[in-house]
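S.K.: output the structure for:
(one chain, ligands or ions: 1)
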Amino acid sequence: MTRAAFLAHLTDTLAGIEAQGLTKRERAIQSPQGTRIRVGGRDMLNLCANNYLGLADDPRLIAAAKSAMDAHGFGMASVRFICGTQDIHRALEHRLAAFLRMDDAILFAACFDANGGLFEPLLGPEDAVVSDALNHASIIDGIRLGKARRYRYASGDTDDLAAQLQQARADGARHILIATDGVFSMDGHFAPLPRIAALAAEFGALTMVDDCHATGFVGPQGRGTPAHFGVAVDILTGTLGKALGGALGGYVAGPQPVIDLLRQRARPYLFSNALPPAVVGAALAAIDIVEAADDLRAQLAANAAYWRAGLADAGFTLLPGDHPIVPVMTGEARAAQVMAAELDARGVYVAGFFYPVVPMGRARIRTQMNARLTRADLDFALDAFRSAGRSAGVLA
Ligand SMILES: *Cc1c(COP(=O)(O)O)cnc(C)c1O
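M.R.: Numbering: from 1, shown residues only. The predicted structure is shown next:
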């Protein structure tokens, strides 16, 4: 009876989600991830992967993964500190640190874990975290798991950040850490790092930037938002699951004592398996490719500019910016879903984003550019967007 009541309660919750038009449905892809994918037996143009440089099916990464498996096996069957550290794990940590101009780096199973494990070991109840209101869920959860006092500032609002820093100082905080996404994934907006760094210096605070939507394709050599703005930050977190090959894995890069203490205390590191050799070997190859990929970065920027201009010209409401994340606003969740379905029927794979991923009434189709998309691909997609936009009532 208790079990039946519990399951009935969950079924009610699901019915409520469905009634509000908020159900997320997963479609199965039958091909590798790429600009062209096979879905339900149909070939579709893909505009929603975090595959910014198109490396997710790159033959060089597949070869590197295979040779790492041949040399180092399939799995580690261990956490790092027991018997899960191979030479290539340390090689990748050193490579990431050198790439990002940090002392050292530490790998996690995902950036969700990197952010989830970062705050608790570094900050105590005497300390403060000042966090952007639109930070990724993993930062929010990581902060919740720690004991530091929490302050939140309106996203990208450096006046509010200054006020919160002032408050944290007035409350007697010992150490203060400012935490922000480098790029906000739902909007494609950059964090105002130069002003954040200046405020950090003024208030004696440290800075942590989650650069998942920047590393590999933003800034010189793809070194991310700090390099893009020419400012130094104290701690960087990032993912291997987006531009750096798209598999999985996360990391923290920063000063030696930060990395050393995380290795001793970060719970997702201590109590979760080491990354598999195939992923580590491919990530080493990905960083080599990315560092030299000015051509891909230029193509990605050109694609983003062309795509934005085409959508704006068609009359869509976009969020301003120049990041390869290009959100097409639809307002209500239902409009985003209808638009996504209309695009699906026209051979374009996109995802509608709506509450709770974005605020109520701010639903959108989030499109993302990829360096491997051709002009013909983008023209095809623009045609599909114009006609789907009219069918969905998003365009007049
Ligand atoms: C994708 C993303 C993450 C999570 O990365 P995973 O490695 O997939 O866990 C964390 N933070 C931000 C800002 C992200 O965009």
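S.K.: could you find the closest non-adjacent residue to A293?
M.R.: L53 (6.1 Å; C-beta to C-beta, 6 or more residues apart in numbering). Where you see a C-beta, it was placed from the backbone N, CA and C, and this is true even at glycine.
S.K.: that neighbour and I235, how far apart?
M.R.: Distance from L53 to I235, counting by C-beta to C-beta, to the nearest Å: 24 Å.
S.K.: surely L92 is in a strand?
M.R.: No: counting by DSSP: H, G, I helix; E, B strand; the rest coil, L92 is not part of a strand but helix.
S.K.: relative to A286, how far out is it?
M.R.: Counting by C-beta to C-beta, the gap from L92 to A286 is 10 Å.
S.K.: does R36 have beta-bridge partners, and which?
M.R.: L45 (DSSP bridges).
S.K.: count of neighbours near it?
M.R.: 15 (other C-beta atoms under 10 Å).
S.K.: so what's it up against?
M.R.: Going by C-beta atoms under 8 Å, 6 or more residues apart in numbering, R36 touches D43, M44, L45, N46.
S.K.: quick check: nearest residue in space to the second one, chain neighbours excluded?
M.R.: This means M44. Closest residue in space to M44, ignoring its immediate chain neighbours: Y349 at 4.4 Å, by C-beta to C-beta, 6+ apart.
S.K.: now do the contacts for H94.
M.R.: Contact analysis of H94 by C-beta under 8 Å, 6+ apart lists D104, A105.
S.K.: kindly apply the preceding question to L270 instead.
M.R.: Contact analysis of L270 by C-beta under 8 Å, 6+ apart lists V79, F81.
S.K.: the more surrounded of L53 and I235?
M.R.: L53 (26 against 21).
S.K.: quick one: the more buried one is in a helix?
M.R.: No: counting by three-state DSSP, L53 is located in no helix; its state is coil.
S.K.: if I read this right, R334 contacts Q20, doesn't it?
M.R.: No: taking contacts as C-beta atoms under 8 Å, R334 lies outside contact range of Q20: 9.1 Å.
S.K.: neighbour count winner among the two?
M.R.: More neighbours surround R334 than the other of R334 and Q20, with 17 against 13 (other C-beta under 10 Å).
S.K.: need the contact list for that one.
M.R.: By C-beta under 8 Å, 6+ apart, the contact set of R334 is G21.
S.K.: and the gap between the residue nearest to the spatial centre of the chain and F112?
M.R.: Centroid check for the chain by C-alpha atoms, centre = their mean gives C212 as the closest residue, at 3.9 Å. For C212, the distance to F112 equals 10 Å [C-beta to C-beta].
S.K.: convert the C-alpha atoms of the helix or strand harbouring A15 to CSV, please.
M.R.: Assigning secondary structure by DSSP states H and E places A15 in helix 2-19. Taking Å, rounded to 0.1, in the frame of the first residue of the first chain, the C-alpha atoms of helix 2-19 are listed here in CSV:
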residue,chain,number,x,y,z
THR,A,2,2.8,2.4,0.9
ARG,A,3,4.6,1.4,-2.2
ALA,A,4,1.5,1.8,-4.4
ALA,A,5,0.8,5.2,-2.9
PHE,A,6,4.4,6.3,-3.5
LEU,A,7,4.3,5.2,-7.1
ALA,A,8,0.9,6.8,-7.7
HIS,A,9,2.4,10.0,-6.3
LEU,A,10,5.2,9.8,-8.9
THR,A,11,2.8,9.0,-11.7
ASP,A,12,0.8,12.1,-10.7
THR,A,13,3.9,14.2,-10.8
LEU,A,14,4.8,12.9,-14.3
ALA,A,15,1.2,13.7,-15.4
GLY,A,16,1.6,17.2,-14.1
ILE,A,17,4.9,17.7,-16.1
GLU,A,18,3.1,16.3,-19.2
ALA,A,19,0.1,18.6,-18.7
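S.K.: dump the residue contacts of the closest residue to S391 other than its chain neighbours.
M.R.: Counting by C-beta to C-beta, 6+ apart, S391 lies nearest to E342, which is 4.8 Å off, once chain neighbours are set aside. Listed by C-beta under 8 Å, 6+ apart, the contact set of E342 reads S387, A388, S391, A392.
S.K.: and the residue lying closest to the first one once chain neighbours are set aside, how close does it get to A381?
M.R.: Closest residue to S387 apart from its sequence neighbours, by C-beta to C-beta, 6+ apart: R346 at 6.7 Å. In this structure, R346 and A381 are 9 Å apart, going by C-beta to C-beta.
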